[in-house]
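Asker: please work out how this folds:
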Amino acid sequence: MTATAAAVRPYTRRISQIERGYLNAAATGTPQLIQMIVEGEGRIDPDALRDAVRSATLASPGLAVRRRGAGWRADGPLPPVVELPSDDGFDAPFLHRDLDVVTGPVCEVGLVAGPSTRLVVRASHIVTDGRGLRQWIADVFRVLRGEEPVGAASVVDDTHFRTAAGKVPPAEPPARLEGLPAILGEGPADGTPLWIRRRVRAAPSAVTARVAAALSRRLGGETGRLIVPVDLRRHDRTVRSTANLTSRLVLDLHRDDSWQRLHGQIVRALLGKREVAALEGDFLRSNPFANSLREAQELDGTRFPCTAIVSDHGRIDTAELRTDRFRPTGFSTLPMLVPYAEMFLSTCQVGDEIELTLSCRRRPGAREAAGAVLDDIEHALTGAR
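Answerer: Model prediction:
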């Protein structure tokens, strides 16, 4: 980013409580990354893409930040565009390398060219979240179509949304659970993510609850623990920001749970603004997973305080991802590993299909067990269960 651009559009903001949690997770050696994949037919010119990335980032400078003490400053490098070979799949080194929030870049774009084109957008989850990154991707495609980017230059953090939410009923923090036994495989894990995708022809309601209910049939005991990410922007939809503004609901899971009970639990938690109440707690005393870096580092990958994170990105508007030479045919994510959670399930709806991706640790038997979990989820989403 040039000095002139930085002078015209200064961007600094403090590191929020949410982002500090992700910094702590990254300190355990587990990369905290969001990875989104746009697939389609046609061609995206690499040089045009670089120009579009530059324009979109000048309009959303939060994706060119570096850590400076207790804050973020947009004096980092622009997201680079890397042309990738077409045959590496999920083992491609590009998908496994970390991004450094001190040196930058905090975002990068991989382009797999050909008749079937893939765009792989990677960003540090420490500085952004799913909604923020999707806003930026939409701006990249606006520029590719010859339009002006909308931009997202707000510097507010989670404290803004605590105020915007109004009165929030107090909530007791979730109880600490002893480590829950692993469901997916046995033995030591190698520390790298195993990603398994499934495309399901279905578009049901209450996707998160149905996924969680299917997962409950695989619990190793009578109970489990579920995290549902919640976008704080719902409390002030006028804010356009690429910051990490995602809080969480922590929910109890029981063996053979019904999706109706889980959906009711989620709805009641949202009506009670539980994700906002969670931000009021003392992170070092009321965290139900790990109250210190030492505790997080001691998790050995065989027992987990959290069974699963289930994140639904909702309906994807593919019209936002179209150009005169490129037609999108799919959108998916590659969820990260979280130190205290055994698996991370991501869903999104594209047309009349649900794109599912499960992330877990590589270990003996993990692929087969994860495939069985996805079989259960597919049956739940299509109404077979």
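Asker: alpha carbons only for contacts and neighbour counts from here, please
Answerer: Noted.
Asker: point out where this structure drops to low pLDDT.
Answerer: Low-confidence segments of the chain (pLDDT under 70): 1-9, 87, 281-301, 384-385.
Asker: one more time with 50, if that's ok
Answerer: For the chain, the stretches with pLDDT under 50 are 1-7, 384-385.
Asker: buried set for the one helix or strand Arg268 maps to?
Answerer: Assigned by DSSP states H and E, Arg268 falls within helix 259-271. Using 16 or more other Cα atoms under 10 Å as the test for burial, helix 259-271 gives Trp259, Leu262, His263, Ile266, Ala269.
Asker: adding distance to Val65, write those out as JSON lines.
Answerer: As requested, those are exported to JSON lines (distance: Cα to Cα, whole Å):
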{"residue": "Trp259", "distance to Val65": "41"}
{"residue": "Leu262", "distance to Val65": "38"}
{"residue": "His263", "distance to Val65": "38"}
{"residue": "Ile266", "distance to Val65": "34"}
{"residue": "Ala269", "distance to Val65": "33"}
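Asker: pull out the buried residues from stretch 34-51.
Answerer: Buried residues in stretch 34-51 (16+ other Cα under 10 Å): 34-44, 46, 49-50.
Asker: in strands, which of those fall?
Answerer: Those of those mapping onto strands are Ile34, Gln35, Met36, Ile37, Val38, Glu39, Gly40, Glu41, Gly42, per DSSP state E.
Asker: for the first one, give me its contacts.
Answerer: When contacts are counted by Cα atoms under 8 Å, 6 or more residues apart in numbering, Ile34 touches Arg122, Ala123, Ser124, His125, Asp129, Gly130, Thr333, Leu334, Pro335, Met336.
Asker: please tell me how far it sits from His96.
Answerer: 11 Å (Cα to Cα, to the nearest Å).
Asker: kindly report the same for the fifth one.
Answerer: Distance check for Val38 against His96: by Cα to Cα, it reads 18 Å.
Asker: same check on the last one?
Answerer: Applying Cα to Cα, the value for Gly42 to His96 is 27 Å.
Asker: ok so, going back, other residues contacting the helix holding Arg268?
Answerer: Counting by Cα under 8 Å, 6+ apart, residues outside helix 259-271 touching it are Ala206, Thr208, Ala209, Arg210, Val211, Ala212, Ala213, Leu249, Leu251, Leu253, Glu275.
Asker: please identify which of the contacts of Ile34 is nearest to Thr28.
Answerer: Met336 (13.5 Å; Cα to Cα).
Asker: near that closest one, how many residues? Count them for me, please.
Answerer: Per other Cα atoms under 10 Å, the neighbour tally for Met336 reads 26.
Asker: same thing with Gly110?
Answerer: 20.
Asker: kindly report the same for Ala243.
Answerer: 30.
Asker: correct me, but it touches Asp129?
Answerer: Yes: look at Ala243 against Asp129 with Cα atoms under 8 Å: they come within range, at 6.6 Å.
Asker: can you give me the helices in the stretch 51-200 of the chain?
Answerer: Assigned by DSSP state H, counting those that start in this stretch, the helices in the stretch 51-200 of the chain fall at 130-144, 158-164.
Asker: of these, which is nearest Met343?
Answerer: Nearest of these (Cα to Cα): helix 130-144, 17.6 Å.
Asker: name the helices or strands packed onto the closest one?
Answerer: Helix 130-144 sits against helix 46-59, with contacts defined as 3 or more Cα pairs under 8 Å, 6 or more residues apart in numbering; DSSP states H and E.
Asker: same for the helix it packs on, what does it pack against?
Answerer: So helix 46-59, by 3+ Cα pairs under 8 Å, 6+ apart, packs with strand 81-83, helix 130-144.
Asker: JSON lines please, covering those and showing mean neighbour count.
Answerer: Converted to JSON lines, these look like this (neighbours: other Cα atoms under 10 Å):
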{"stretch": "strand 81-83", "mean neighbour count": "16"}
{"stretch": "helix 130-144", "mean neighbour count": "22"}
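Asker: which one, of these, ends up nearest to Arg20?
Answerer: helix 130-144 (17.3 Å).
Asker: what about Thr246, distance to His313?
Answerer: With Cα to Cα as the criterion, Thr246 and His313 are 12 Å apart.
Asker: can you get me a residue count around Gly221?
Answerer: Gly221, neighbours per other Cα under 10 Å, totals 13.
Asker: swap that for Gly179, please
Answerer: 18.
Asker: relative to Ala277, how far out is it?
Answerer: Relative to Ala277, and taking Cα to Cα, Gly179 is found at 25 Å.
Asker: do the same with His379
Answerer: Applying Cα to Cα to His379 and Ala277 gives a distance of 35 Å.
Asker: and Asp312, by the same measure?
Answerer: For Asp312 relative to Ala277 (Cα to Cα), the value is 21 Å.
Asker: in the stretch 201-350 of the chain, which spans are helices?
Answerer: So, for the stretch 201-350 of the chain - with DSSP H, counting those that start in this stretch - the helices run 207-216, 259-271, 274-277, 283-286, 293-298.
Asker: for Arg361, find the nearest of these.
Answerer: Short answer: helix 293-298, nearest of the helices of the stretch 201-350 of the chain by Cα to Cα, at 15.6 Å.
Asker: count the neighbours of Val101 for me.
Answerer: Count around Val101 with other Cα under 10 Å applied: 21.
Asker: any idea what Ser359 is bridged to?
Answerer: Here Ser359 sits in beta bridges with Trp195, Phe344, as judged by DSSP bridges.
Asker: who's in contact with it?
Answerer: Residues near Ser359 by Cα under 8 Å, 6+ apart: Pro193, Leu194, Trp195, Ile196, Leu334, Pro335, Met336, Leu337, Met343, Phe344, Leu345.
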